[in-house]
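Undergrad: coordinates only, no sequence provided:
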């Protein structure tokens, strides 16, 4: 399909002074689709999905979370409330309306918290991909969650040698490369490492608490637009039983799509399947 496209990028300044980098692709007449990335990545992690939707007529926008990628590092504000407010600043500055918000992993939490804090006046649809919602860590109210010791281990690894931590994640559970017969390219692994090292040390460290401990249950309850949840059933980073399957019980108008054998990083390992599913979803908006 051939369409006339504009490709731009820029920065939006938030009320607390953070300058959030964004990419803005596709025809300006297209309905907007806005992407929120995972930890410790940046908006480039969405490039396959962005290109696919842009060439199919949508205006696609993705930003680098504060302290990640090309957004300058902020000492404070590395938490879900600020992430959501930064997303709101991008939507407002670009005056995006009837948008589909798509969040991967930590970005799924960001999207949910955005709805919890800002509502759905600008939102037509929500998609949560391998998302951390409703809450990852084990608590008295979330007894099936992941023990806090797992996240303490991530923090310790980050302080000890975060470059090696990102290599270990990429070469192990993130893309399912530790599974027998897995075929994960070196390029895919290197890209994860590269994007991780482009994040600020403090921002990435703080984000571990944000994505693991934030309770997003009430935010999910406030989602009142059609919602797509996509998750791999072999996700070793955000186990499906404590995330997607629980979130699907909370959101009102929801479709749960499970990728058999899918790891956490399905945006890359299952990119064509996800591209097709997302295009079908955004096309369903009336």
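TA: That came in fine, so what should we check first? The shown structure was predicted, so the numbers you read here are calculated from the model rather than taken from an experiment.

Undergrad: alpha carbons only for contacts and neighbour counts from here, please
TA: Fine.

Undergrad: all helices of the stretch 151-286 of the chain, in order?
TA: Per DSSP state H, counting those that start in this stretch, the stretch 151-286 of the chain carries helices over the ranges 186-197, 201-213, 217-221, 244-250, 266-269, 271-283.

Undergrad: which ones are touching residue 198?
TA: 41, 68-70 (Cα atoms under 8 Å, 6 or more residues apart in numbering).

Undergrad: so which of the helices of the stretch 151-286 of the chain gets nearest residue 145?
TA: Between residue 145 and the helices of the stretch 151-286 of the chain, the shortest gap by Cα to Cα is with helix 201-213, which sits at 9.6 Å.

Undergrad: which elements pack onto the closest one?
TA: helix 148-171 (3 or more Cα pairs under 8 Å, 6 or more residues apart in numbering; DSSP states H and E).

Undergrad: what angle do the helix it packs on and helix 186-197 make?
TA: Counting by axes from the mean of the first three to the mean of the last three Cα atoms, to 10 degrees, helix 148-171 lies at 130 degrees to helix 186-197.

Undergrad: what distance separates helix 148-171 from the centre of its chain?
TA: 19 Å (Cα atoms, centre = their mean, to the nearest Å).

Undergrad: quick one: mean pLDDT for the host helix or strand of residue 51?
TA: According to DSSP states H and E, residue 51 maps onto helix 47-54. Averaging pLDDT along helix 47-54 yields 98.

Undergrad: I'd like the next helix or strand past it.
TA: Following helix 47-54 in sequence, per DSSP H and E, is strand 59-63.

Undergrad: centre of the chain versus the next helix or strand along the chain from that next one, how much separation?
TA: The helix or strand immediately downstream of strand 59-63 is helix 80-93, counting by DSSP H and E. Relative to its parent chain, helix 80-93 has a centroid offset of 14 Å by Cα atoms, centre = their mean.

Undergrad: neighbouring contacts of helix 80-93?
TA: Contacts of helix 80-93 (Cα under 8 Å, 6+ apart): 12-14, 20, 22, 63, 65-66, 77, 97, 109-111, 113-114, 117-118, 122, 210-211, 214.

Undergrad: how about 7 Å then?
TA: The contact list for helix 80-93 (Cα atoms under 7 Å, 6 or more residues apart in numbering) reads 12, 14, 65, 110-111, 113-114, 210.

Undergrad: of the residues you listed, just say which sits nearest to residue 155.
TA: Ranked by distance to residue 155 (Cα to Cα), the contacts of helix 80-93 are led by residue 210 at 12.1 Å.

Undergrad: contacting residues around the closest one?
TA: With contacts defined as Cα under 7 Å, 6+ apart, residue 210 is in contact with 79-80.

Undergrad: ok, now how distant is it from residue 238?
TA: 14 Å (Cα to Cα, to the nearest Å).

Undergrad: can you check residue 67 too?
TA: Plainly put, residue 67 is 22 Å away from residue 238 if you go by Cα to Cα.

Undergrad: low-confidence ranges in the stretch 51-200 of the chain?
TA: Low-confidence segments of the stretch 51-200 of the chain, defined by pLDDT under 70, are absent.

Undergrad: how does it look with 90?
TA: Scanning the stretch 51-200 of the chain for pLDDT under 90 picks out the ranges 74.

Undergrad: show the pLDDT at residue 7.
TA: 53.

Undergrad: next: the one 5 residues further on.
TA: Per-residue confidence for residue 12 comes out at a pLDDT of 96.

Undergrad: residue 3 now?
TA: On pLDDT, residue 3 comes in at 41.

Undergrad: name the residues that touch stretch 29-43?
TA: 45, 57-65, 68-69, 96, 98-107, 195-196, 199, 204.

Undergrad: and it, how far apart are its ends?
TA: Rule used - Cα to Cα; the end-to-end distance of stretch 29-43 is 22 Å.

Undergrad: list the buried residues for that stretch?
TA: 31-43 (16 or more other Cα atoms under 10 Å).

Undergrad: mind listing which of those residues are in strands?
TA: Counting by DSSP state E, the part of the buried residues of stretch 29-43 found in strands is 32-36.

Undergrad: could I get the residues you listed as TSV with distance to residue 247 and pLDDT?
TA: As requested, those are exported to TSV (distance: Cα to Cα, whole Å; pLDDT from 0 to 100):
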residue	distance to residue 247	pLDDT
32	24	98
33	22	98
34	20	98
35	19	98
36	18	98
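
Undergrad: now those as CSV including distance to residue 264?
TA: Converted to CSV, these look like this (distance: Cα to Cα, whole Å):
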residue, distance to residue 264
32, 26
33, 22
34, 20
35, 17
36, 15
